[in-house]
Structure formats: C-alpha cells, structure tokens
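>>> Sequence first, predicted model second:
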Amino acid sequence: MIELRSVTKTYRTGSVSATVLQDLSLEIKEGDFLAIIGTSGAGKSTLLNLIGLLDLPSKGSVWVEGQNVSTLPEKAYGLLRRERIGFVFQDFKLVRDMTALENVEIPLAYSGTHNKKQRRERALEVLRDVGLEGKADRYPDELSGGQKQRVAIARAIANRPRLLIADEPTGNLDADTTKEVLALLQQMHQSGMAVVIVTHDPFVAGHARDVWELGDGKLALRK
Ligand SMILES: Nc1ncnc2c1ncn2[C@@H]1O[C@H](COP(=O)(O)OP(=O)(O)OP(=O)(O)O)[C@@H](O)[C@H]1O
C-alpha cells in the first residue's frame, strides 16, 4: 500500500544539518497493524510524516500503489493523502467552535464526494461507529478526553481511508480511556484498515501485530 524505499531524511537549519532517518525501508501492507516506538527525538514523527505523505524524503523514495510520490504533482500527492489516509493526533486537533458532528463533516466537505445531507448522514454513521451517537451536537470542550479522541477517530475514518495513522493517540488519556481508544483502533483494524501507531507506551505497542523500534535512523523489528 505504502512503501518507503531506502529513505533518508536530513533537516538543515542554517549551516547545521541533522540526519534523522538513514537509508530506512518499510512496507505497509493492506490490513497491517504496526506500532513504532523509540526514544524522544528518535524521528518517529518524521517517519510518520513520510508514511502519511505529509513530507518527502531527502533521499530514497515513497511509493503508493506503484506510484513514486516524488514524481507526482503536489495536487495529486495531496489527493492521495486525503483519499487514502486518516490521521489521529495526541492533542485531538478538533476545531473548538464546531460540534462533534461538524468536526467529522470536515473531511467529507474537502473530499467533495458528499452533498450536505449525505455529509450529515455519513458523519452520524461514523459517530455511531465510535459510540458517540448521543454527543453529535456537543462542542469539544463539553467532551471528555476519550470522547474527544473518539470524535477525532470518527473524523479520520469518515472518508473510509485504507490507512489510519495515529501519533501518540493515547498520550493524553488515562488508563481506562486508553483501553477504550485501543479497542476502537483494533475495531478499525478488524474492519480492514491498516493501522500505524506511534507510541511511547509499551502497553499500547503490545496491541499491534508488529512493533518496530526506531533508533539511530533505522528500524528494528521488536515483535
Ligand atoms: N522541521 C524540522 N527542522 C529541523 N529539525 C527537525 C525538524 N523536525 C524535527 N527535527 C529534528 O529531528 C529529530 C527527530 O524529531 P521527531 O519529531 O521526528 O522525533 P520524535 O521521535 O517524534 O520525538 P518525540 O517522541 O519527542 O515526539 C529531532 O532532533 C528534531 O529536533
């Protein structure tokens, strides 16, 4: 589905350059469930940005279904991302002055595939899938952390992406809520989506089928 081939990522700030990923390869296949662990600064977010088509490598290539994304015009690249990938973040990134329902409608409006009525129906359907049917009209500030993350997951899956990327999705949640969110991610995986989680938490990583540790710019399989 998405393949990183010998990617290197170097950041340059003025005359200083730092290589964060070094000749790293990784293939994400349909239905995978993998966790990426590593110390702070190891490059996990940098790696997720490449997997999520948010950034390009300095060297090497990123392939999506047989296409080298470096060779695509920016518009096509953005479209691939919007159609195929959903993102979930530690701090939820919900829009505060929009209700849960309106937040979930955002990607549906961007994709241009649904009219207003269809957007509403699809948003309600995914809110139901994450167990938040009754909270559709609540604003983020009126929801618990776990509920906010469930809204964020609903928003991420509204366009039926093939890949769900979660960057520390339980980082702001307590133990019980962490379990709820993990159950939901497992449910997404069982429904056929590939799931990639970045986490510091061994308990969270343990739920994935494969665990990769990022260190010294390379990945090592830990499970
Ligand atoms: N845009 C950038 N410009 C320059 N350096 C950057 C940039 N983004 C990240 N870095 C550097 O790259 C290294 C890896 O950062 P990254 O955020 O990928 O690590 P991480 O493993 O996700 O860390 P954390 O667990 O603390 O979030 C760090 O040393 C960071 O300072």
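All right, it came through fine.

>>> Name the next helix or strand downstream of the lengthiest helix in the chain, please.
Across the chain, the helix with the greatest residue count (assigned by DSSP state H) is helix 175-190. From helix 175-190 onward toward the C-terminus, using DSSP states H and E, the following helix or strand is strand 194-198.

>>> Please state the mean pLDDT value computed over the longest helix of the chain.
On average, the pLDDT along helix 175-190 is 93.

>>> That helix packs against which elements?
For helix 175-190, the contact count by 3 or more C-beta pairs under 8 Å, 6 or more residues apart in numbering; DSSP states H and E identifies helix 145-157, strand 163-167, strand 194-198, helix 202-205 as packing neighbours. For glycine as for every other residue, the C-beta is placed from the backbone atoms N, C-alpha and C.

>>> Any chance of a markdown table for those, columns mean neighbour count?
Formatted as a markdown table, the entries for the helices and strands packed on helix 175-190 read as follows, by neighbours: other C-beta atoms under 10 Å:
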| stretch | mean neighbour count |
| --- | --- |
| helix 145-157 | 24 |
| strand 163-167 | 23 |
| strand 194-198 | 25 |
| helix 202-205 | 17 |
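
>>> Do a quick rundown of the strands in the chain.
With DSSP state E applied, the chain shows strands at 2-13, 16-28, 33-37, 59-64, 67-68, 85-89, 163-167, 194-198, 210-215, 218-221, listed in chain order.

>>> could you give the angle of the longest helix of the chain to strand 33-37?
Here helix 175-190 runs at an angle of 130 degrees relative to strand 33-37 (axes from the mean of the first three to the mean of the last three C-alpha atoms, to 10 degrees).

>>> Now find how far off-centre helix 175-190 is within its chain.
14 Å (C-alpha atoms, centre = their mean, to the nearest Å).

>>> Enumerate the residues of the chain near the ligand.
Taking C-beta under 6 Å from any ligand atom as the contact definition, the chain meets the ligand at 11, 13, 18, 20, 38, 40-46.

>>> Now which of those residues would you call buried?
Neighbour-count burial (16 or more other C-beta atoms under 10 Å) applied to the residues of the chain next to the ligand gives 20, 38, 42-46.
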